[in-house]
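Visitor: prediction below, plus the sequence it came from.
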Amino acid sequence: KTPEAKPPAAPPKSPPATATAPTAPKAHAAPALKQAADYLAAGDTANAIRVFQQLVQADPSNYGQQNQFARLLISAGKLEEARTVLDPILAKHPENVDALYNMALLEDSRGNTKAERVYLEKIITKDPANANANASIGQLYLADNELEKASKAFEASLKSSPDNLTALIGEGNVLLQQNHPKKAETMFDRVIKLQPDFSFAYSDRAQAREANGDYSGAEADLTKAIKLNPGYYWHYIDRGKLRLQFENNRKGALADFTEAVKLDPNYFLGYVYLAGMADDAHNYGEAAKYYKKLLELRPDYYFVYRPYAILLYMQQKWDQARTYFEKAYRKDPTDHGLQMLVVLTYLQEKDNVDATAYLKRMLAELPSSSLF
C-alpha cells in the first residue's frame, strides 16, 4: 500500500536584480507600462501590446522597460508574445542579463529545462555571482538530484543575496535530502521570517520538523499552510499522513484525505489512503469503492491489486477477484499463493474444468521442490 512519493514542489523563481541601470524612462513611460499591465491583468492582450508598442516607439532604447513588459507577458502565460519582445533585445545585446533571465523563465514556463539551463549558464558565465541565475540553476540541479552542484549554486546565490527566497528554500531542501533536518529547519525559518504568507515555506518546514521528531510543530506548520492556501491538494495529503502515521489521529487524517479528493477528484493518491483506512476499519464496501476509483485513475498502481482482489472475493465477485489475483501474481511471480486464490475463484464458481487446467499449467511451471 506504499503510496508514491510526492513530487517536490518547486519554489517560485525570484525576480532578477537589474544588471545594468535601464535608460531613464520618459515622463509618460511609467503610467503607460502600468496601463499595459492593467490590460494584461484583464486578459486583454491585444490592447496591452498596443500600449507597449507605443511605449517602445517613444523610447526604443529603454530595455529595462521592455524586460518588465516581457516579464508581465510571461506571468500572464503569453509566452510567444514575450519572445517577440525579448528576441530583438538579445539580437542587439546578446549579453543583456535581464533578457537572458527572462528567456530562462520563459523556457521554464514551457517545461524546456534544457534551454532554460543554457540561458542560465550564459548569465553565470558573464556574472558568476548572479544571485537569481544561481538560485534558478540550483533548482534544476536539485530536480535532477545533483545535490552537491545544487548546494554550491544555492550557496553562491546566498553569498550575493542572503535573502534570496529561492536559494534559501532550495538549500533547505538539499539539507533535508542530505539528512540534516535541523539545519534545513533554520533555512525555512529564514524564509518564513522574510515572507510569512508563503504557504510552501511552512509545508517545507513541516518536513524538517517531522524529521526532527517535532510532530506537533509539523502539524502546526501544515495547518498554517492550509490556512494560507486552502485549495492546495498536497497540504491536506501531508497533514493527513502525519496525523495517521505519528499522531494516531485517524479522524483528523480521514478529514484531510476526504478534503483532498474533493479538491482534486481526478488524482489517485487520496483514494489510496481512504481505501487503506476503510480497509483497516473493516469498512469493506467503502474500501472496495475507493480501490475501484483509484484503479480507474491509475490502473498500473499494483500495490492495491491484492487487497482489492481480497475484497472482491469477500463480495463473491469471483470473476473480478480472479482478474486482480492474476494481476497481483504477474507483479510478484514468486507468490504462488496468489495462483491458488485464482483456483479458488474457479472452485467457487463450481468450474472444475478451468480450475484443473489452471493447476496443470501451474504444475508445469513450479519447481519440484516447491510446497505448492
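Guide: Cool, got the structure.
Visitor: show residues contacting stretch 75-88.
Guide: Applying Cβ atoms under 8 Å, 6 or more residues apart in numbering, the contact partners of stretch 75-88 are 40-41, 45, 49, 52, 66-67, 69-71, 73-74, 99, 102-103, 106, 109-110. Bear in mind the C-beta positions are built from the backbone N, C-alpha and C, glycine included.
Visitor: report the buried members of the residues you listed.
Guide: 40, 45, 49, 52, 66-67, 69-71, 73-74, 99, 102-103, 106 (16 or more other Cβ atoms under 10 Å).
Visitor: from those, which two are the most distant?
Guide: Pairwise distances across those peak at 20.3 Å for T45 and A99 (criterion: Cβ to Cβ).
Visitor: mind listing the helices for the stretch 1-150 of the chain?
Guide: Secondary structure of the stretch 1-150 of the chain by DSSP state H, counting those that start in this stretch: the helices cover 29-41, 45-58, 63-75, 79-92, 97-110, 113-126, 131-143, 147-160.
Visitor: would you list those helices in TSV and tack on mean pLDDT?
Guide: Formatted as TSV, the helices of the stretch 1-150 of the chain follow (pLDDT from 0 to 100):
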stretch	mean pLDDT
helix 29-41	67
helix 45-58	78
helix 63-75	84
helix 79-92	93
helix 97-110	95
helix 113-126	95
helix 131-143	96
helix 147-160	97
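Visitor: so E185 makes contact with E210?
Guide: No - the pair E185 / E210 is not scored as a contact, 10.3 Å apart, by Cβ atoms under 8 Å.
Visitor: in stretch 258-265, which residues are buried?
Guide: For stretch 258-265, by 16+ other Cβ under 10 Å, it's E259, A260, V261, L263, D264.
Visitor: I misspoke; the intended subject was stretch 162-176.
Guide: Buried residues in stretch 162-176 (16+ other Cβ under 10 Å): 164-176.
Visitor: out of the residues you listed, which are inside helices?
Guide: Among the buried residues of stretch 162-176, the members falling in helices are L165, T166, A167, L168, I169, G170, E171, G172, N173, V174, L175, L176 (criterion: DSSP state H).
Visitor: what's the spacing between the second one and I89?
Guide: This means T166. T166 is 24 Å from I89, where distance means Cβ to Cβ, to the nearest Å.
Visitor: show me where the stretch 151-300 of the chain has strands.
Guide: For the stretch 151-300 of the chain, no strands are identified by DSSP state E, counting those that start in this stretch.
Visitor: what residue ranges in it score low on pLDDT?
Guide: Applying pLDDT under 70 to the stretch 151-300 of the chain picks out no residues at all.
Visitor: send me stretch 341-353 as PDB with only the CA atoms.
Guide: The C-alpha coordinates for stretch 341-353 follow below in PDB (Å, rounded to 0.1, in the frame of the first residue of the first chain):
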ATOM      1  CA  LEU A 341      -6.500 -18.000  -4.900                       C
ATOM      2  CA  VAL A 342      -7.200 -17.900  -8.600                       C
ATOM      3  CA  VAL A 343      -8.000 -21.600  -8.400                       C
ATOM      4  CA  LEU A 344     -10.400 -20.900  -5.500                       C
ATOM      5  CA  THR A 345     -12.400 -18.400  -7.600                       C
ATOM      6  CA  TYR A 346     -12.900 -21.200 -10.200                       C
ATOM      7  CA  LEU A 347     -13.900 -23.600  -7.500                       C
ATOM      8  CA  GLN A 348     -16.400 -21.100  -6.000                       C
ATOM      9  CA  GLU A 349     -18.000 -21.000  -9.500                       C
ATOM     10  CA  LYS A 350     -18.000 -24.800  -9.500                       C
ATOM     11  CA  ASP A 351     -15.800 -24.600 -12.600                       C
ATOM     12  CA  ASN A 352     -13.700 -27.700 -12.100                       C
ATOM     13  CA  VAL A 353     -12.600 -27.800 -15.700                       C
END
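Visitor: now it: buried residues?
Guide: L341, V342, V343, L344, T345, Y346.
Visitor: so how far is A255 from the closest residue to Y232 other than its chain neighbours?
Guide: Nearest residue to Y232, sequence neighbours excluded (Cβ to Cβ, 6 or more residues apart in numbering): S199, at 6.7 Å. Going from S199 to A255 by Cβ to Cβ gives 19 Å.
Visitor: higher neighbour count, those two?
Guide: Applying other Cβ atoms under 10 Å to S199 and A255 shows that S199 carries more neighbours, namely 20 against 15.
Visitor: would you agree the more buried one is in contact with W234?
Guide: No - S199 lies out of contact with W234 (Cβ under 8 Å); the separation is 10.3 Å.
Visitor: quick one, helices of the stretch 251-372 of the chain?
Guide: Under DSSP H, counting those that start in this stretch, the stretch 251-372 of the chain gives helices at 269-280, 284-297, 305-314, 318-331, 336-348, 352-365.
Visitor: all set now, cheers.
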